[in-house]
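**Q** Fold the following for me, if possible:
(one chain, ligands or ions: 2)
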Amino acid sequence: MLKIEHLTKSFATRNAVSDISLSIPQGQMVGIIGRSGAGKSTLLRMLNRLADPTSGSIYFENRDIAKLSGKALYEWRASCAMVFQQFNLVGRLDVLTNVLTGRLYHHGIMSSMLQMFSASERAFAIKALDRLGMAHTALQQADTLSGGQMQRVAIARALVQQPKILLADEPIASLDPLNAKIVMDALRTINREDGITVLANLHTLDTARTYCDRIIGLQDGVLVFDGPPEKLTLEMAREIYGAEAEEAFSEGMTSTALAGVPAKERLTERDLQRHSDMSMS
Ligand SMILES: Nc1ncnc2c1ncn2[C@@H]1O[C@H](COP(=O)(O)OP(=O)(O)OP(=O)(O)O)[C@@H](O)[C@H]1O
Ligand SMILES: [Mg+2]
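**A** Numbering: from 1, shown residues only. Ligands and ions are numbered 1, 2, ... in the order given. Model (predicted):
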């Protein structure tokens, strides 16, 4: 259970996040919506302590996250993985190494820099890539991938952190509809199969409605909606999005029957073994 109490973040004269209180049970998939500047990123960044709250508390399993420092903060960041709109891969490194950097939290910085990853960690990373239909790219340089592929690799990197929470800041905002669907399906699968809580800032209402158990609406840093998608009325959505309503409604993903990860991109057990051997040689 993630519990946020009276969380506030102020910048100069204004509150980016204003007195937000929420409880999020483990395993929920939550969409955070709101117009540009509403405070969505600031809220996520406080949860993994990329930003420090001005006031209020964040509790996870009864620990006050806002007060963590040093090793405890490092451990918290391991269990609270984040994916970004721009993927944040290291372009000149291969895909597998990018994924393995997610192990850094479990590993110590020095051995990670020396790329001293064990065979089982490499196999684990390949398995994570395979879940995203990306194992065939393991030895490819990351900057040769398409945007959708990069985001799938970024999710695999988050997975090898073995997080309890996955924070996704506009994970599909740079993607075309097909890749957006593949990435959202992947987040949903991870949420369901692994019981990882997913909190995603989403730009389009349709996506939030389609994938999330719960929608949180922010307006000027204030929580104005918190409930299941079916309770979010059109009037409320229009109020949340204000001048951006047209865009938020029209950019919705179509519900065409697109496949998730194409079957031909999934590997057999034998392929997995071969990849893991190759990557060690
Ligand atoms: N480091 C900062 N210094 C000053 N103001 C900031 C800083 N970060 C965010 N803000 C302000 O806080 C408010 C909320 O920003 P935030 O990035 O959280 O919004 P958002 O909902 O994620 O918007 P978007 O949809 O455009 O990504 C904005 O007014 C923004 O200008
Ligand atoms: Mg943002």
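
**Q** CA atoms for contacts and neighbours, from now on please.
**A** Will do.

**Q** ok, what's across the strand from Ala200?
**A** Under the criterion DSSP bridges, Ala200 forms beta bridges with Gly31, Ala168.

**Q** Correct me if wrong: it contacts Glu170.
**A** Yes - counting by CA atoms under 8 Å, Ala200 touches Glu170, with 6.7 Å between them.

**Q** quick one: which of the two has more around it?
**A** Under the criterion of other CA atoms under 10 Å, the comparison of Ala200 against Glu170 puts Ala200 first, with 29 against 20.

**Q** can you pull the contacts of the more buried one?
**A** By CA atoms under 8 Å, 6 or more residues apart in numbering, the contact list for Ala200 reads 29-32, 167-171.

**Q** again, 10 Å this time
**A** Contacts for Ala200 were tallied using CA atoms under 10 Å, 6 or more residues apart in numbering; they are 29-33, 40-41, 44, 82-84, 166-172, 184, 187, 208, 212, 215.

**Q** likewise Asn201?
**A** Contact criterion CA under 10 Å, 6+ apart gives 30-34, 39-41, 43-44, 84-85, 167-173, 208, 215-217 as the residues in contact with Asn201.

**Q** And Asp94, by the same measure?
**A** Contacts of Asp94 were listed using CA under 10 Å, 6+ apart, and they are 137-144.

**Q** Can you tell me which of those lies closest to Glu244?
**A** Nearest to Glu244 out of those is Asp143 (CA to CA; 32.4 Å).

**Q** separation between the closest residue to Ile24 other than its chain neighbours and Gln149?
**A** Excluding its sequence neighbours, the residue lying closest to Ile24 (CA to CA, 6 or more residues apart in numbering) is Leu2, at 5.0 Å. Taken as CA to CA, to the nearest Å, the spacing of Leu2 relative to Gln149 amounts to 30 Å.

**Q** near ligand 1 too, which of the contacts of Asn201?
**A** Filtering the contacts of Asn201 for proximity to ligand 1 (criterion: CA under 6 Å from any ligand atom) leaves 39-41.

**Q** ok, back up a step: want to try a markdown table for the contacts of Asp94, with distance to ligand 1 and pLDDT as columns?
**A** As requested, the contacts of Asp94 are exported to a markdown table (distance: CA to the nearest ligand atom, whole Å; pLDDT from 0 to 100):
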| residue | distance to ligand 1 | pLDDT |
| --- | --- | --- |
| Thr137 | 30 | 97 |
| Ala138 | 31 | 96 |
| Leu139 | 33 | 96 |
| Gln140 | 31 | 97 |
| Gln141 | 29 | 97 |
| Ala142 | 25 | 97 |
| Asp143 | 24 | 96 |
| Thr144 | 26 | 97 |
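
**Q** Just confirm Arg188 contacts Met29, I think it does.
**A** Yes - under the contact definition of CA atoms under 10 Å, Arg188 touches Met29, with a separation of 7.5 Å.

**Q** Have a look at those two and say which one is more surrounded.
**A** Under the neighbour definition other CA under 10 Å, Arg188 and Met29 were set side by side, and Met29 has more, 25 against 20.

**Q** Need the phi and psi values for the more buried one.
**A** Dihedral pair for Met29: phi -110, psi 120, per degrees, to the nearest 10.

**Q** Contact partners for it?
**A** Met29 sits next to 165-166, 187-188, 191-192, 195-200, 208, 211-215 when contact means CA under 10 Å, 6+ apart.

**Q** quick one: common contacting residues for Arg188 and Met29?
**A** Common contact partners of Arg188 and Met29 (CA under 10 Å, 6+ apart): 195-198, 211-212.

**Q** Tell me the one of the residues you listed nearest ligand 1?
**A** When the shared contacts of Arg188 and Met29 are ranked by distance to ligand 1 (CA to the nearest ligand atom), Val198 comes first, at 16.6 Å.

**Q** For the stretch 151-281 of the chain, just list every one of the helices.
**A** All helices of the stretch 151-281 of the chain, identified by DSSP state H, counting those that start in this stretch, fall at 177-194, 205-211, 234-241, 245-250, 269-280.

**Q** rewinding a little: just the buried residues out of the contacts of Met29, in PyMOL syntax.
**A** PyMOL command restricting these to the buried ones, with burial defined by 16 or more other CA atoms under 10 Å:
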select buried, resi 165+166+187+188+191+195+196+197+198+199+200+208+211+212+213+214+215
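
**Q** what's the residue nearest to Thr204 when sequence neighbours are not counted in contact with, if anything?
**A** Counting by CA to CA, 6+ apart, the nearest residue to Thr204 once its immediate chain neighbours are dropped is Ala248, at 4.7 Å. Each residue near Ala248 by CA under 10 Å, 6+ apart is listed here: 33-35, 202-207, 237-238, 241-242.
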